[in-house]
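Undergrad: predicted model, plus sequence, below.
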Amino acid sequence: MIVAGLNHRDLVWAMRTEDDCIAWLRANCLLAVSQQCPCCATAMKESPTSQHGKVWQCPTTDCCHCHSIRKGSFFDCSPLPLIKLVDFIYWWSVKMRNTYIESEVVISHVEIYQGLIIQAEAGYC
Ligand SMILES: [Zn+2]
């Protein structure tokens, strides 16, 4: 496993911003580093959105197809920010109690269960 031996301090240091988090996930093969437009096969470009997150956008003016950078990844269906998801997964993987995870990740139990339900419906759980 690539991230074996990673502790929470390493994780926080590696993911100071959402962009850092995206770079780390890509370096660990958890997010795509490039995308080809499913409509016209043109190489897509990454663009920021007005909401949190980024999208892959087709630069072809006749097409303009776009989708989340999460598409096709484990994080595809979750509405939570990537940093919170990675933090949540870290604490869950070391078997922390949900109340502790909620406090450390600054996430409500409703967000946790919504995220898990969405993941389960997508077939990831
Ligand atoms: Zn296209």
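TA: Thanks, I have the structure now. Numbering: from 1, shown residues only.

Undergrad: flag every residue of this protein that's near the ion.
TA: Within the chain, the residues that sit near the ion (C-beta under 5 Å from the ion) are C37, C39, C40, T42, C58, T60, C63, H65. Any C-beta I mention is one placed from the backbone N, CA and C, and that applies to glycine too.

Undergrad: phi, psi of the third one?
TA: Just to be clear, that refers to C40. phi -130, psi 0 (degrees, to the nearest 10).

Undergrad: who's in contact with it?
TA: C58, T60, D62, C63, H65 (C-beta atoms under 8 Å, 6 or more residues apart in numbering).

Undergrad: skipping its backbone neighbours, what lies nearest the most centrally placed residue in the chain in space?
TA: In the chain, the residue lying closest to the centroid (C-alpha atoms, centre = their mean) is L82, at 3.8 Å. Excluding the flanking residues, the one nearest L82 by C-beta to C-beta, 6 or more residues apart in numbering is C21, at 4.8 Å.

Undergrad: and that neighbour, which of the three is it?
TA: At C21 the chain is in helix, as set by DSSP: H, G, I helix; E, B strand; the rest coil.

Undergrad: just the one 3 residues further on next, same as before
TA: Per three-state DSSP, the secondary structure class of W24 is helix.

Undergrad: touching, it and M15? I think so.
TA: Yes: here W24 reaches M15: they are 5.8 Å apart, a contact under C-beta atoms under 8 Å.

Undergrad: tell me the contacts of the residue nearest to the centre of the chain?
TA: Contacts of L82 (C-beta under 8 Å, 6+ apart): E18, C21, I22, L25, G53, R70, F75.

Undergrad: what's the neighbour count on I107?
TA: Counted with other C-beta atoms under 10 Å, the neighbours of I107 add up to 20.

Undergrad: the contacts of C40 into TSV, with extra columns for neighbour count and pLDDT?
TA: Below are the contacts of C40 laid out as TSV (neighbours: other C-beta atoms under 10 Å; pLDDT from 0 to 100):
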residue	neighbour count	pLDDT
C58	22	97
T60	15	95
D62	7	94
C63	16	95
H65	16	94
